[in-house]
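Novice: okay, sequence plus prediction incoming.
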Amino acid sequence: MRTLCLVYWLMMLESHHRIRSPTVEITHGQNTITGIMTLAAQKLCKSKMFNPPDINEALAVLSQRFGLDICAGHPNAVPYLEKGVASHLRVCFSTTEHRSWAFTGYPSESILSCVAVILLHGTSRSLEDALEVLKTKVDGGIVETGQCGELTSRLLLLFAKDTYVRSNLSTGTISDIHYDGNEDVELIHCQKVSVVNFLEYLFGDKFWPKAGEKAKVAFQHAYINFSHRVSMENFISPKDSKLASSSAGCDSKEWSLQHWHHTSAVQCCYLQPLVDKMIPIYSDDPALGSNDVDRVSQMFISDKPGKNSNVQDLRFITRKHDSIQWLSEIPCIALLLDLNVDPKLSVTFPKRPKHSKTDRCLRIYASGLNDTTFPFLHDHFNVTELLRGLVS
């Protein structure tokens, strides 16, 4: 259903803009998948081939995945947004009364996100070239990094997931735009990833010995799945019921489950206490029963931009806070990223929690943006330097 919705949306755009592109035939067979992926890539780039050094193409592909925030006061902001809406699948949600500013963004579409990842990893230089464009635009003031350096941690975590899944390909996974296999498979970057394996990949072999065997067992059935970032305008659990976490007015569990199915990580609103991001966690533990909403938990992430350690703040992250209101015996994760200080990794998990619904939290403090804290970066020196340049 999501595939058909995206095809319909792309074909409507093709008709609206009157741009020639390959016809997508909605039938069974491998040509359908190749046609959809090709059309999505061409619409996103407005080009038959992705050219990472091109400013508009690079920012379009990066924006769809990482939700780049454009500075409203920059003199080039309006022309850039207009170009994005006209040619690169950016959507205009509304405008000011005198049309001096448009509120825009990219659709939260998992298929489009997967296409964006494939383009960014198309060659050995594609991601680096795109990040160099981003760095230039950040230095020029048109792209914002966030009040707490949220952009850098978004890039870091999604890059870690990208490289992990690309080095652990499942049989028949759609990992290329020109896919020629069976259509009953998953998109590579929309597959669920084991929490145990991902944290070991992110922080190295030393992680689980630090966390302890009890922590590893607690997350043995847990998975994460995020292909792009979406933003919130309100608290996770606002006091005003009319401002609930989603448009459907659901509670925190339903809200997390929706993001799990949509493969989206969440950038919290700027005033959200304690945390800046949320990544949904899903448990396939057979002991939990058949109700999906009772199987979800969350990874809460706090970003700290300063040059002084904020390790003491990690203990204050709790899901029982009024702005979150989450009570569950399924363990959660609290990750504090201090990317602009000396490297350090500390991990704790309660051996005997006092309250099973609030205290079963794996707490991770990770500081420094290098391969000491994040060993997977060892093989990606240039990308690491570009990310570090966005922090300082």
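Specialist: Right, received. Where do you want to start?

Novice: SS state for Ser297?
Specialist: Taking DSSP: H, G, I helix; E, B strand; the rest coil as the rule, one finds Ser297 in the strand state.

Novice: how about the strands of the protein, start to end?
Specialist: 69-70, 91-95, 102-105, 143-144, 193-194, 222-224, 228-231, 264-267, 277-283, 296-303, 332-338, 344-348, 361-367 (DSSP state E).

Novice: ranges for the helices of the chain?
Specialist: 2-17, 30-45, 55-66, 77-87, 110-120, 126-139, 150-167, 195-203, 207-211, 213-218, 252-261, 381-391 (DSSP state H).

Novice: pick the most buried one from these.
Specialist: helix 110-120 (a mean of 25; mean count of other Cβ atoms under 10 Å). Where you see a C-beta, it was placed from the backbone N, CA and C, and this is true even at glycine.

Novice: quick one: low-confidence parts of the stretch 101-250 of the chain?
Specialist: Low-confidence segments of the stretch 101-250 of the chain, defined by pLDDT under 70: 171-172, 178-185, 238-250.

Novice: what about the nearest residue to Ala77 once chain neighbours are set aside, how many residues close to it?
Specialist: Leaving aside its sequence neighbours, Ala77 sits nearest to Ile70 (Cβ to Cβ, 6 or more residues apart in numbering; 5.2 Å). Ile70 has 19 neighbouring residues, counting by other Cβ atoms under 10 Å.

Novice: end-to-end on stretch 336-346?
Specialist: The first and final residues of stretch 336-346 sit 10 Å from each other (Cα to Cα, to the nearest Å).

Novice: ok, and what's touching it?
Specialist: Residues outside stretch 336-346 that contact it (Cβ atoms under 8 Å, 6 or more residues apart in numbering) are 149, 152-153, 156, 203, 206-207, 210, 301-311, 313-314, 317, 363-370, 372-373, 391-392.

Novice: okay, the helices of the chain in TSV with distance to Arg99 next?
Specialist: Listed next are these as TSV, based on distance: least, Cβ to Cβ, whole Å:
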stretch	distance to Arg99
helix 2-17	19
helix 30-45	25
helix 55-66	21
helix 77-87	10
helix 110-120	27
helix 126-139	24
helix 150-167	28
helix 195-203	44
helix 207-211	51
helix 213-218	53
helix 252-261	33
helix 381-391	32
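
Novice: filter the contacts of stretch 336-346 to the buried ones?
Specialist: By neighbour count, with 16 or more other Cβ atoms under 10 Å, the contacts of stretch 336-346 hold 149, 152-153, 156, 203, 207, 301-305, 310, 314, 317, 363-370, 373, 391 as buried.

Novice: now for the strands of the chain, which one comes closest to Gly122?
Specialist: strand 228-231 (17.7 Å; Cβ to Cβ).

Novice: just checking: what are the partner strands of the closest one?
Specialist: Looking at strand 228-231 with DSSP bridges, its partner strands are strand 264-267 (parallel).

Novice: pLDDT of the strand it pairs with, averaged?
Specialist: The average pLDDT for strand 264-267 rounds to 94.

Novice: just the CA atoms of it, as PDB, please.
Specialist: Taking Å, rounded to 0.1, in the frame of the first residue of the first chain, the C-alpha atoms of strand 264-267 are listed here in PDB:
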ATOM      1  CA  SER A 264      11.100   7.300  11.400                       C
ATOM      2  CA  ALA A 265      13.200   8.700  14.200                       C
ATOM      3  CA  VAL A 266      11.900  11.800  15.900                       C
ATOM      4  CA  GLN A 267      13.500  15.200  16.500                       C
END
